[in-house]
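*Asks:* sequence and predicted structure below; questions after.
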Protein chains: 2
Amino acid sequence: MSPKLRIEQALEEVLKTQESQGGPDSLNQAIRHAVIPGGARIRPQLCLAVAIACGNDDPKLAMGAAVALELLHCGSLVHDDLPCFDNAELRRGIPSVHAAYGQRLAVLAGDALIVMAFEALLHSAEDSLNRLAPVMKIVAQGVGVPNGIIAGQAWECESKVNLRTYQKAKTGALFAAATSAGASSAGSDPKIWTTLGDSLGEAYQVADDIRDVIGDIQSLGKPVGKDLELDRPSATRQLGLDGAVEYFDELVTRAIRSIPECPGQDMLKKLVLSESERLVPNALYDRALKELVIKSNKTSTV
Amino acid sequence: MSPKLRIEQALEEVLKTQESQGGPDSLNQAIRHAVIPGGARIRPQLCLAVAIACGNDDPKLAMGAAVALELLHCGSLVHDDLPCFDNAELRRGIPSVHAAYGQRLAVLAGDALIVMAFEALLHSAEDSLNRLAPVMKIVAQGVGVPNGIIAGQAWECESKVNLRTYQKAKTGALFAAATSAGASSAGSDPKIWTTLGDSLGEAYQVADDIRDVIGDIQSLGKPVGKDLELDRPSATRQLGLDGAVEYFDELVTRAIRSIPECPGQDMLKKLVLSESERLVPNALYDRALKELVIKSNKTSTV
């Protein structure tokens, strides 16, 4: 079974267990809506891939960390989509949680997902309590303050923001947590894996900025042009489209180079490369460039 | 030093440690605003009191659990006050977090407080990993789904609600977690302490309903009449004012009777009694009754 499918099954199990225990129906539905169908599940995949590369001698804990990271990611998207932030009616091509269930249940579903993440991790560590503390610390730092994704989102509320600090926290933090937690869950030193997570996380955020400019709503599954509309710091606004794509390539290269020698080195390189193509498809970039050329030709002939 | 003062100091330490690590200023300020100045700190006090009654052989862990419960409580208040829920501009007599810092930072501060709670608990258990898992499980269940305070808040979004299920989750859950976590942090069986937490928690919610009707804005520090305005299930709406006060007394009696024989039995009884007087002061109730009598006399003489 592929890691992606195993992750889907583990997420389904968490949801089913919770639903079977009762609680308010609408909240359970809103939580499920936030988690399934998901996106690429790249954070948990990255966590499992690093765990495997490190020997994966505690697969239950590695999966617990992977599931926790995905639940935290899903929860953060629910809150990011709220009217007071992105006011996004669509997510992954379907109505966002607040569009489908209202703001109150969206706030609560996001809250519940944070708690569920810690519970899932705790549950997975029943037989390996000595490893629980370092793994949980990594996961908590990836989501919380001062450097996690919640802090990242809060940088949008500051008048002065350093683009790298913002992007590193907003997206990079959970990627760095994914690689570190994967290593830590297998009893390995997490430090040598942070550059991979950091670089890949930043690449994701830069890719998101690029797609916010050149992507179309079908392929992105959410509205475009939000960064400019919301006056948000963005790589394309700071570096231009070409500069941003160049920076994206640099980050992918840095990520690949950082992968330490290990049995899973090749698998990880392939994962990073295929993800980079999925994020900023060459075809999409070429088309956008072509459109820019046509537009500039039209302007010059007027 | 009194338990209350020790709790204040522990909360201050958590905030200072976090602020010293950087992160977005406004978020740090919003988090501090949510936590300090606090209310009665009854949940952490209850947690410590039970831990002491059980021997308190791991005071660091007991304080970690107490702090975690208070951070979760503060976080839940921030989200409860949001415009989509209570739309409360005041909390504890000062502007609520969203009134002072805007909705975005209120959402994020609430999120951050959940993460900080788990981090604080984790940090306190460095030397007692074998007790971390049961204590954290209790704390997570008190806040999450299906029976924690998040689920309790979500019952407000359902069309059919059982008042007891709603109140037990909305308030009781974190009280039950406080007594159970206190016992568990001292290595004792948490089960014999759940009735105390459950009864006291329900008493708090009933008291809140009573004060929503008879309290004045100065003594409550927040607007009154919200339950009726928001069409929320409430003990006074279901049982009438007299019935609700009678039920409150019954719950306090049940709480006191449930306290098992232990060295701290008398201290705990005193705590419950003084809290019950603080919650529904005899003077306030007497005045409300007097006003009702005057009103009914006026009506009958017209």
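*Replies:* Looks like it arrived, so ask away. Numbers count the residues shown, from 1 in each chain, chains lettered A, B, ... in the order given.
*Asks:* quick check: whatever residue of the stretch 151-300 of chain A ends up closest to chain B vs residue B:106, distance?
*Replies:* Residue nearest to chain B within the stretch 151-300 of chain A (C-beta to the nearest C-beta): residue A:154, separated by 3.8 Å. In short, each C-beta sits where N, CA and C put it, glycine included. Taking C-beta to C-beta, to the nearest Å as the measure, residue A:154 falls 11 Å from residue B:106.
*Asks:* which one's more surrounded, the two?
*Replies:* Between residue A:154 and residue B:106, counted using other C-beta atoms under 10 Å in any protein chain shown, residue A:154 has the larger neighbour count: 30 against 25.
*Asks:* pretty sure the more buried one contacts residue B:24?
*Replies:* Yes - in this structure, residue A:154 is within contact of residue B:24 by C-beta atoms under 8 Å, at 4.2 Å.
*Asks:* what is in contact with the two at once?
*Replies:* Taking C-beta atoms under 8 Å, 6 or more residues apart in numbering or on different chains as the criterion, residue A:154 and residue B:24 both touch residue A:145.
*Asks:* where does the stretch 201-302 of chain A dip in pLDDT?
*Replies:* A:215-230, A:282-302 (pLDDT under 70).
*Asks:* mind running it again at 90?
*Replies:* Low-confidence segments of the stretch 201-302 of chain A (pLDDT under 90): A:201-202, A:204-242, A:244-245, A:261-267, A:270-271, A:274-302.
*Asks:* in which helix or strand does residue A:40 reside?
*Replies:* Element membership for residue A:40, per DSSP states H and E: none, as it lies in no helix or strand.
*Asks:* how about residue A:113: what's its closest non-neighbour residue?
*Replies:* residue A:75 (3.1 Å; C-beta to C-beta, 6 or more residues apart in numbering or on different chains).
*Asks:* buried residues of the helix or strand where residue A:250 lies, list them for me.
*Replies:* Take DSSP H and E as the rule and residue A:250 turns out to sit in helix A:235-258. Within helix A:235-258, the residues that count as buried by 16 or more other C-beta atoms under 10 Å in any protein chain shown are A:235-237, A:239, A:241, A:244-245, A:247-248, A:251-252, A:254-256, A:258.
*Asks:* what sits against residue A:36?
*Replies:* Residues in contact with residue A:36, defined by C-beta under 8 Å, 6+ apart, are A:8, A:11-12, A:15.
*Asks:* swap in residue A:270?
*Replies:* With C-beta under 8 Å, 6+ apart, residue A:270 has no contacts at all.
*Asks:* where does it fall, phi/psi-wise?
*Replies:* In terms of degrees, to the nearest 10, the main-chain angles of residue A:270 are phi -60, psi -40.
*Asks:* equivalent analysis for residue A:38, please.
*Replies:* According to degrees, to the nearest 10, residue A:38 has phi -100, psi -170.
*Asks:* can you pull the contacts of it?
*Replies:* A:8, A:11, A:70, A:74, A:92 are the contacts of residue A:38 under C-beta under 8 Å, 6+ apart.
*Asks:* interface residues of the stretch 151-300 of chain A facing chain B?
*Replies:* A:151, A:153-158 (C-beta under 8 Å from any C-beta of the partner chain).
*Asks:* taking the stretch 101-250 of chain A, what residue is nearest to chain B?
*Replies:* For the stretch 101-250 of chain A, C-beta to the nearest C-beta, closest residue to chain B: residue A:146, 2.7 Å.
*Asks:* ranges for the helices of the stretch 101-250 of chain A?
*Replies:* For the stretch 101-250 of chain A, the helices defined by DSSP state H, counting those that start in this stretch cover A:103-124, A:129-143, A:149-155, A:163-167, A:173-185, A:194-214, A:217-220, A:226-229, A:235-258.
*Asks:* now the first one: average pLDDT?
*Replies:* Here the mean pLDDT over helix A:103-124 is 98, rounded to a whole number.
*Asks:* return the distance of that helix from the chain's centre.
*Replies:* 16 Å (C-alpha atoms, centre = their mean, to the nearest Å).
*Asks:* possible to save the contacts of residue A:38 as a markdown table with secondary structure, pLDDT and distance to chain B?
*Replies:* Compiled in a markdown table, those are given as follows (DSSP: H, G, I helix; E, B strand; the rest coil; pLDDT from 0 to 100; distance: C-beta to the nearest C-beta, whole Å):
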| residue | secondary structure | pLDDT | distance to chain B |
| --- | --- | --- | --- |
| A:8 | helix | 98 | 21 |
| A:11 | helix | 98 | 15 |
| A:70 | helix | 98 | 16 |
| A:74 | helix | 98 | 13 |
| A:92 | coil | 88 | 21 |
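*Asks:* adding neighbour count, write those residues out as TSV.
*Replies:* Shown next, in TSV, are the contacts of residue A:38 (neighbours: other C-beta atoms under 10 Å in any protein chain shown):
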residue	neighbour count
A:8	19
A:11	22
A:70	29
A:74	25
A:92	13
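*Asks:* how about JSON lines for the residues you listed, with distance to residue A:186 added?
*Replies:* Below are the contacts of residue A:38 laid out as JSON lines (distance: C-beta to C-beta, whole Å):
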{"residue": "A:8", "distance to residue A:186": "22"}
{"residue": "A:11", "distance to residue A:186": "21"}
{"residue": "A:70", "distance to residue A:186": "18"}
{"residue": "A:74", "distance to residue A:186": "24"}
{"residue": "A:92", "distance to residue A:186": "31"}
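*Asks:* of those residues, closest to residue A:49?
*Replies:* For residue A:49, the closest of the contacts of residue A:38 turns out to be residue A:70, at 13.9 Å, with distances computed as C-beta to C-beta.
*Asks:* next, count neighbours for the residue nearest to that closest one when sequence neighbours are not counted.
*Replies:* Spatially, and ignoring its direct neighbours in sequence, residue A:70 is nearest to residue A:44 (4.6 Å; C-beta to C-beta, 6+ apart). By the measure other C-beta under 10 Å, the count of residues near residue A:44 is 30.
*Asks:* please name the nearest non-neighbouring residue to residue A:194.
*Replies:* Residue A:194's closest residue in space is residue A:176 (C-beta to C-beta, 6+ apart), at 5.2 Å.
*Asks:* thinking again about what came up before, most neighbours per residue, which of the helices of the stretch 101-250 of chain A?
*Replies:* helix A:173-185 (a mean of 31; mean count of other C-beta atoms under 10 Å in any protein chain shown).
*Asks:* and that one, average pLDDT?
*Replies:* Here the average pLDDT along helix A:173-185 is 96.
*Asks:* ditto for stretch A:43-55
*Replies:* Stretch A:43-55 comes out at a mean pLDDT of 94.
*Asks:* which of the residues in that stretch are buried?
*Replies:* A:43-54.
*Asks:* wait, which of these is closest to residue B:185?
*Replies:* Closest approach between those and residue B:185, by C-beta to C-beta: residue A:47, at 30.4 Å.
*Asks:* and for the helix or strand that closest one falls within, what are the contacting residues?
*Replies:* According to DSSP H and E, residue A:47 maps onto helix A:42-53. Applying C-beta under 8 Å, 6+ apart, the contact partners of helix A:42-53 are A:3-4, A:6-7, A:56, A:59, A:62-63, A:65-67, A:69-70, A:73, A:174-175, A:177-179, A:181-183, A:185-186, A:193, A:196-197, A:200, A:204, A:262-265, A:267-268, A:271, A:275.
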